[in-house]
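Student: kindly return the folded structure for what I paste below:
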Amino acid sequence: TIWAARQLVSHGHIRVNGVRCNIASRRVDVGDIVELGAKAQEMALVIEAQSMLDRGDTGRAEAALKPYAAESSRPAVLLSGRVSLARGDAPGWKRSAEDLQTWVAGHPHDAEAWSVLGQLWGKLGQGLRALRAEAESRLALGDMSGAIDRLRAGQRVARSGGPVDFIEASVIDARLRDIE
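Tutor: A predicted model of the protein is given here:
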């Protein structure tokens, strides 16, 4: 859109003849070289990957993310998780869950990251972790009652008698005490 283009310029993501430009109304002459900065190029690839994923083209979305496979930026980690969920890629689920777990450790208020992490833990059969991630997502969105409901569900699962990750059960108990 015009507004998005103006924002790219005003944030300094455009270069004219190699010089950073932040004036949206700047005139350019024939022969001037207008280019995107490195960060804007990365944003364009991330948007392309998201668009491909939304269309169901996981192969092209994955290909668009290849240059950022080693990065731990939010867009790369989130989209990698979404791509692995869409592909049904079990080894990718584990890798993405580990990457997202690292991300949310440093960014605990990222609701979207917690949500994708919850889906991944669910696919991996880690019910307690999935419930906790869903609770953290709800909490980050400001939905206290939703967070409490999910943490209480986690407590019920932990007490149901099946195999339990006691560390995760302890974390759920502690988080519920913190919230209440």
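Student: surely Glu71 is within a strand?
Tutor: No: counting by DSSP: H, G, I helix; E, B strand; the rest coil, Glu71 falls outside a strand, being coil.
Student: assign a three-state SS to the residue of the chain positioned farthest from its centre, would you?
Tutor: Within the chain, the residue lying farthest from the chain centre (C-alpha atoms, centre = their mean) is Val30, at 40.8 Å. Classification of Val30 by three-state DSSP places it in coil.
Student: give me phi/psi at it?
Tutor: phi -60, psi 130 (degrees, to the nearest 10).
Student: tell me who's in contact with it.
Tutor: Contact analysis of Val30 by C-beta atoms under 8 Å, 6 or more residues apart in numbering lists nothing. Just so you know, the C-beta spots here come from the backbone N, C-alpha and C atoms, and that holds for glycine as well.
Student: how about Glu134?
Tutor: By C-beta under 8 Å, 6+ apart, the neighbours of Glu134 are 114-115, 118, 150.
Student: point to the residue nearest the middle of this structure.
Tutor: Central residue of the chain (C-alpha atoms, centre = their mean): Leu78, at 2.8 Å.
Student: strands of the chain, start to end?
Tutor: Using DSSP state E, the strands of the chain run over 14-16, 19-21, 34-36.
Student: tell me which of those is the most buried.
Tutor: strand 14-16 (a mean of 18; mean count of other C-beta atoms under 10 Å).
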